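Student: Take this sequence and fold it.
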Amino acid sequence: MSGSIASYDQLVRQVEALKKENSHLRRELEDNSNHLSKLENETSDMKEVLKHLQGKLEQEARVMVSSGQTEVLDQLKALQMDITSLYNLKFAPEVTSAGRGTEESPPAPTSHRDGPGDLGRATLRMLEELDRER
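Tutor: Here you go, the predicted structure:
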């Protein structure tokens, strides 16, 4: 009889340990879900910033074409391509790796890879450099 009591006590301890592990895993899943939502929001925000910048670049390009400044126009086209490349390298792999993790992301051409703010800072530096060249 004492063997069955010990066995029962052991099962109770295992159930309690499994309940704790289950709670821990639920919290971790919730944290991961919140983090993914945050990343999706940041990505969406950066897309809006990039659209806005692209609109400005296109507007400036039209002005430059009408005034015959094709050299600066070529620089703007290169900048637009750089911005798009930076965005794709910085954000597309994070979104896909959070879902599937089947693709490896190539390193971004920026010197820092700390977070989404780095892309914004790099873009601002490029725009400031363009303004100085004018």
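
Student: Do me a favour and average the pLDDT over the strand or helix carrying Ser85.
Tutor: Element membership of Ser85 [criterion: DSSP states H and E] is helix 70-99. Throughout helix 70-99, pLDDT has a mean value of 66.

Student: where does this protein have low pLDDT?
Tutor: The model of the chain has pLDDT under 70 over residues 1-2, 73, 76, 87, 90-124, 131, 134.

Student: any idea which helix or strand carries Leu25?
Tutor: helix 2-67.

Student: That helix packs against which elements?
Tutor: If you count contacts as 3 or more CB pairs under 8 Å, 6 or more residues apart in numbering; DSSP states H and E, helix 2-67 packs onto helix 70-99, helix 116-133. Every residue, glycine included, has its C-beta placed from N, CA and C.

Student: could you measure the residue nearest to Lys77 when sequence neighbours are not counted against Lys19, distance?
Tutor: Residue nearest to Lys77 in three dimensions, not counting chain neighbours: Ala61, with 7.5 Å by CB to CB, 6 or more residues apart in numbering. Look at Ala61 and Lys19: by CB to CB, to the nearest Å, they are 62 Å apart.

Student: Between those two, tell me which one has more neighbours.
Tutor: Ala61 (18 against 10; other CB atoms under 10 Å).

Student: Cross-check the contact I'm expecting between that one and Gln75.
Tutor: No. If you go by CB atoms under 8 Å, Ala61 and Gln75 don't touch, sitting 10.2 Å apart.

Student: Okay, the residue nearest to Lys77 and Glu40: tell me how far apart.
Tutor: In terms of CB to CB, Ala61 sits 31 Å off from Glu40.
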